[in-house]
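*Asks:* requesting a structural model of the entry that follows:
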Amino acid sequence: MKKHKLLILTLFMLGAVSCGDNFGDINVDPNNPSLVPADYLLTGAQNALADDIWDEWMNGRFGLLVSQQWAQNNYSDESQYTFRQGVINQYFGYYYHRALIDLEEVKELVKASDEAALASGVNKVAVAEILECWVYQYVTDVWGPVPYTEALKGSENRTPKYDSQESIYVSLLGRLEKAKADIDDSADGFGASDIIYGGDMGKWKKLAASLILRLGMRMADANGGLAQQAVEGSYADAFGDNSDNAMFTYLSASPNNNPLNQDRVERGNADFCLSNILIDKALGTRNDPRVIAFADPAVNSGEYLGRPFGQSPANAASEAPEDYSQPSGAMAVAGAASFNATDVLAPEAPAVLMNYAEVCFILAEAKERGWNVSGTAAEWYNAGITASMNQWGITDGTAISDYLAQTNVAYASAPGDYKQKIGIQKWIALFMQGVEAWSEWRRLDFDLLEAPVDGATGDVGGNVAPLRLTYPTNEQTQNAANYAEGVNLLGGPDKMSTRVWWDVE
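*Replies:* The predicted structure is shown next:
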């Protein structure tokens, strides 16, 4: 109870110290940090990070659509890959001017404090470093080359250069390795101000190692030697079960509730259903018990039915949301049911940064690539599925065993090569982590996603989904020379059909 009260107090203080763009005034000069306590600023940075990757825009109207896990009921232009330029401009700025710049300030505040040389101070800097690496990985995977080495300089440099995605990845691996090595898990961290892990530095060390695995495997086809070295060197330190999952946990009341819950409450209507790609093609054909955690039954039939992905606005509006399965918790928001523990629209539903299931699938793939990690590919594949089931509240051993024994699920008999087998199950396990699920499809090219049913209105070059997001128009006007160099580093035109560096096939 005491710990919970401290968490509530911390988030209450967030209202005083973290007001989105209001941070701009205290972050203009990173060389002269403000007097805002680092602990409060860390809470604000974690909250901004979670909100900006989990809300209705960059998750609901982007990540969960390009991954084809969700579908739109109305205003469905994004399902056909026409994204709003104002949103692209806004969120590209958010990642830098909210979470990233605040994390930079956290580091400066700690380094300037009496705690700097203590183990607790080193731990706090490491936490901020790990979170920065997480955000940069997200940003570069969405856009490709982005400002990095010259970013976050405030008034010192308002037109930062772009860095290649390869150089960013190499740098992030080095930063994560150093943070992992710097952490003293017997010393203090941020305590209750750390909403993700509550100050548990052993968990932060595991997250650093797990992110190294993610980065390593994602670059496996672009720089196999470095990728193998990274995975082999950190897998033993990575997540060991679901208790290690990195999640930002929200509270039950506004303004600290889950942003997807808040959006549904404020709008009072159903903008999203689960897609037929997820419900019918991925889950239904495999008798997957996770469907009850992912979705509500369709109101009008009581069955689990996915909405056709990529309907035109007219066709989407012609079919009632009640004909299809909405995200779990939708009926509870409407007052027609009680929330379940795993409902994704519940006010306290967490934003997931990384889970143990992903680590398991990375190690399954590592074995297939002949890398020196423990276990077998089949064992890690089964462990990944089991971890995902458990994460979503499916704990019946018989139900999980029956699922794993199905011909189209069992590792020995599931169709396709390892990229197909692992890719589909990893995509399912990354449910709600829209950009990560999309990135795995781009990298592994597994057969699951389909062209929008009413055609793509955005230029994806004949692909069934975008391969990246175009740069903000603000960058083209306010940072034109560096934008042009960024496009040059991309190696192709600034289009959704141009591949990022690690997407080699």
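
*Asks:* residue 174 is in what secondary structure piece?
*Replies:* Under the criterion of DSSP states H and E, residue 174 resides in helix 165-182.

*Asks:* er, residue 252 actually
*Replies:* Using DSSP H and E, no helix or strand contains residue 252.

*Asks:* which ones are touching the residue nearest to it when sequence neighbours are not counted?
*Replies:* Leaving aside its chain neighbours, residue 252 sits nearest to residue 347 (4.8 Å; criterion: CB to CB, 6 or more residues apart in numbering). From N, CA and C alone the C-beta is placed, and that goes for glycine too. Applying CB atoms under 8 Å, 6 or more residues apart in numbering, we find residue 347 in contact with 250-253, 257-258, 261-262, 339.

*Asks:* how about those in TSV, adding distance to residue 329 and pLDDT?
*Replies:* Listed next are these as TSV, based on distance: CB to CB, whole Å; pLDDT from 0 to 100:
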residue	distance to residue 329	pLDDT
250	13	98
251	16	97
252	13	95
253	16	94
257	12	97
258	9	98
261	7	97
262	12	96
339	6	98
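
*Asks:* give me the below-cutoff pLDDT ranges for this structure.
*Replies:* Confidence mapping of the chain against pLDDT under 70 gives the ranges 1-35.

*Asks:* any idea how far the residue nearest to the spatial centre of it is from residue 57?
*Replies:* Centroid-nearest residue in the chain: residue 433, 4.5 Å away (criterion: CA atoms, centre = their mean). Remark: distance between residue 433 and residue 57 (CB to CB, to the nearest Å) = 15 Å.

*Asks:* for the residue nearest to residue 252, grab phi and psi.
*Replies:* Dihedral pair for residue 347: phi -60, psi -30, per degrees, to the nearest 10.

*Asks:* contacting residues around the nearest residue to residue 129 once chain neighbours are set aside?
*Replies:* In space, and not counting its chain neighbours, residue 129 is closest to residue 179: 4.4 Å by CB to CB, 6+ apart. By CB under 8 Å, 6+ apart, the contact set of residue 179 is 126, 129-130, 133, 208.

*Asks:* got these as TSV, with distance to residue 450 and neighbour count columns?
*Replies:* Formatted as TSV, the contacts of residue 179 follow (distance: CB to CB, whole Å; neighbours: other CB atoms under 10 Å):
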residue	distance to residue 450	neighbour count
126	43	26
129	40	23
130	36	23
133	33	24
208	37	27
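
*Asks:* what about the spatially closest residue to residue 499 that is not a sequence neighbour, distance to residue 276?
*Replies:* Excluding the flanking residues, the one nearest residue 499 by CB to CB, 6+ apart is residue 467, at 5.1 Å. Remark: distance between residue 467 and residue 276 (CB to CB) = 22 Å.

*Asks:* excluding covalently adjacent residues, which one is nearest to residue 246?
*Replies:* Per CB to CB, 6+ apart, closest to residue 246 is residue 353, 4.0 Å.

*Asks:* partner strands of the host helix or strand of the one you found, with direction?
*Replies:* Using DSSP H and E, residue 353 sits within strand 351-354. Looking at strand 351-354 with DSSP bridges, its partner strands are strand 246-248 (antiparallel).
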